[in-house]
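K.L.:
Sharing a model prediction with you, sequence too.
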Amino acid sequence: MRKVLWGDLTAAELRTLAAGDPIVVLPIGSTEQHGPHLPVQVDSLLVSEVAKRAAERAGDETILVMPTVWTGLAEHHMGFGGTVTLDYAVFYALIRQVCLSLTRQGIRRIALLNGHGGNIIALQLAAGELAREIPGVVATATYFLLAEPRFAEILEHQAGVRHACEAETSMVLALRPDLVDVEAMRAVDAPAEGLASPGFHRWRPVEHWSDSGVIGYPPAATAEKGERLLEAAADAVSEALVDKELWTPAAPQITV
């Protein structure tokens, strides 16, 4: 199987690959509390795995996966401890410098693949700002939103990813069962929904909704379900990445 991880390749190999117009994926996760039963690396662990699997099934397209950005915007989880958060200015500066480094090497297709809900709006804003500064295309998507219709067919108690929930717990059980406290998982009693509403938006910490830091139903998690979710996510991400329309340059911006 071909190498897809940027960090596994030599500089010479990467120079050669860069000349072939690859897609470069930057996975972006978080380090934050995930209830009493999961480790704080969940978002980074899962987005890294999804990115790798997506790249490996890209067919004729060359996709390279950068080392994962392990922290993002997670202020809403700080009350539980174990969390590292950035403000937007630092977060954007980090993403910008990575993208500038890539474009200096000839990379013209960059995908910011997100694995944390708190990063969604920030990455959409970042992609828009970068579009005015760097050559090529910078696109962003959140893997569990891309895959949500497929996830809904697998999950029993929720339509998609919540937090430390049936979905995330299942995927960690599939990848790293040694990191799941199964006894604590079975004892979790948490709200089914939270963090978002269709009305006016206002910031609230996670503990506003959940004493445990969990939203969803982790007792329903299984490793078998987790493997199906990971495969569904990888398929959804891979299909989106190889869509030629995604990489078609936008029309020139009209200035007045």
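P.N.:
The structure has been received and is ready for your questions.
K.L.:
quick one: contacts for Glu133?
P.N.:
Taking Cβ atoms under 8 Å, 6 or more residues apart in numbering, we find Glu133 in contact with Arg96. Backbone N, C-alpha and C define where each C-beta goes, glycine included.
K.L.:
should've said Thr140
P.N.:
So Thr140 contacts 111-114, 123-124, 126-127 (Cβ under 8 Å, 6+ apart).
K.L.:
where does the protein dip in pLDDT?
P.N.:
Counting by pLDDT under 70, the chain has low-confidence residues at 191, 193-199, 202, 251-256.
K.L.:
could you redo the last one with a cut-off of 90?
P.N.:
1-2, 59, 158-159, 187-213, 249-256 (pLDDT under 90).
K.L.:
Tell me the one among the contacts of Thr140 nearest to Gln33.
P.N.:
Closest to Gln33 out of those is Asn114 (18.5 Å), distances taken as Cβ to Cβ.
K.L.:
Report the beta-bridge partners for the closest one.
P.N.:
Assessed by DSSP bridges, Asn114 has beta-bridge partners Ile28, Thr142.
K.L.:
quick one: the strands in the stretch 51-200 of the chain?
P.N.:
63-65, 109-114, 137-142 (DSSP state E, counting those that start in this stretch).
K.L.:
just to revisit the earlier point, same list, the contacts of Thr140, but as a markdown table with distance to Ala152 please.
P.N.:
Formatted as a markdown table, the contacts of Thr140 follow (distance: Cβ to Cβ, whole Å):
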| residue | distance to Ala152 |
| --- | --- |
| Ala111 | 24 |
| Leu112 | 25 |
| Leu113 | 21 |
| Asn114 | 19 |
| Leu123 | 23 |
| Gln124 | 23 |
| Ala126 | 29 |
| Ala127 | 26 |
